[in-house]
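Asker: Need the 3D shape of this:
(chains A and B)
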Amino acid sequence: DAKTTQPPSMDCAEGRAANLPCNHSTISGNEYVYWYRQIHSQGPQYIIHGLKNNETNEMASLIITEDRKSSTLILPHATLRDTAVYYCIATKSGYSTLTFGKGTMLLVSP
Amino acid sequence: EPEVTQTPSHQVTQMGQEVILRCVPISNHLYFYWYRQILGQKVEFLVSFYNNEISEKSEIFDDQFSVERPDGSNFTLKIRSTKLEDSAMYFCASRLGAGGQYEQYFGPGTRLTVT
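Answerer: Numbers count the residues shown, from 1 in each chain, chains lettered A, B, ... in the order given. Okay, here's the model as predicted:
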């Protein structure tokens, strides 16, 4: 799986958009970009994933650059409950085990 | 909304004892996983399971570990003789199909404390 690089921490004001970047410059053509988050020691929560097109669901939007070397997770209106560690993971097809890094600690403040 | 469930939420055991952690994956899912997270560290893959056999395992998953799907709903992780370093959160996950387009859904975890 391609290595991903994320900033260790970010801050965001409540109600503002949170834009979390991820670099995956060595991603291969069959690797998907997944985003999960983990609040305290709870189980990782699936957010969104994509291959090459931008994706949007009820939680977030995923913007993948045209060369697929980086992506941005967008939480459009961050709330205090979005404070969590966010993981960007590149994973191949097949059994697709997930390799978690250290992620980005997002702190949403009032 | 379907979800992965795990029991117990917290298990305390003495070193050398056997423990079984239980998971009920989402009902129509076919692929099952165990991960663990030692306090303050990353989430680590242990094992994946499909069609009643292990499909992949990590270096952590040694002979002390085993997995089983004893019936159509449960998926278990057994640690034969627990060590202090087995203390961690253990997460079960499941997914519908193979292929990178299928996301994994995680359970809430079991906190295992070995004393």
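Asker: Name the residue closest to the centre of the chain, please.
Answerer: Chain wasn't specified; assuming chain A. Geometric centre of chain A, nearest residue: A:W35, 3.5 Å, by C-alpha atoms, centre = their mean.
Asker: nope, chain B
Answerer: Central residue of chain B (C-alpha atoms, centre = their mean): B:W34, at 3.0 Å.
Asker: Partner strands of the one helix or strand that residue maps to and their direction?
Answerer: Following DSSP states H and E, one finds B:W34 within strand B:31-37. Strand B:31-37 has the following strand partners under DSSP bridges: strand B:43-50 (antiparallel), strand B:88-95 (antiparallel).
Asker: winner for burial among those?
Answerer: strand B:88-95 (a mean of 24; mean count of other C-beta atoms under 10 Å in any protein chain shown). Backbone N, C-alpha and C define where each C-beta goes, glycine included.
Asker: Give me every residue in chain A lying close to chain B.
Answerer: Contact residues, chain A versus chain B (C-beta under 8 Å from any C-beta of the partner chain): A:30-32, A:34, A:36, A:38, A:41-46, A:49, A:51, A:87, A:91-102.
Asker: Can you tell me which of those residues are buried?
Answerer: The neighbour-count test (16 or more other C-beta atoms under 10 Å in any protein chain shown) marks A:31-32, A:34, A:36, A:38, A:43-44, A:46, A:49, A:87, A:91-92, A:95-101 as buried among those.
Asker: The nearest residue to A:S28 once chain neighbours are set aside and B:Q37: what is the separation?
Answerer: Leaving aside its chain neighbours, A:S28 sits nearest to A:A2 (6.5 Å; criterion: C-beta to C-beta, 6 or more residues apart in numbering or on different chains). Distance of A:A2 to B:Q37, given as C-beta to C-beta, to the nearest Å: 22 Å.
Asker: try B:L30
Answerer: Taking C-beta to C-beta, one finds B:L30 at 24 Å from B:Q37.
Asker: related to what we said a few turns ago, cross the buried ones among the residues of chain A next to chain B against strands and list the overlap.
Answerer: If you go by DSSP state E, these have A:32, A:34, A:36, A:38, A:46, A:49, A:87, A:91 in strands.
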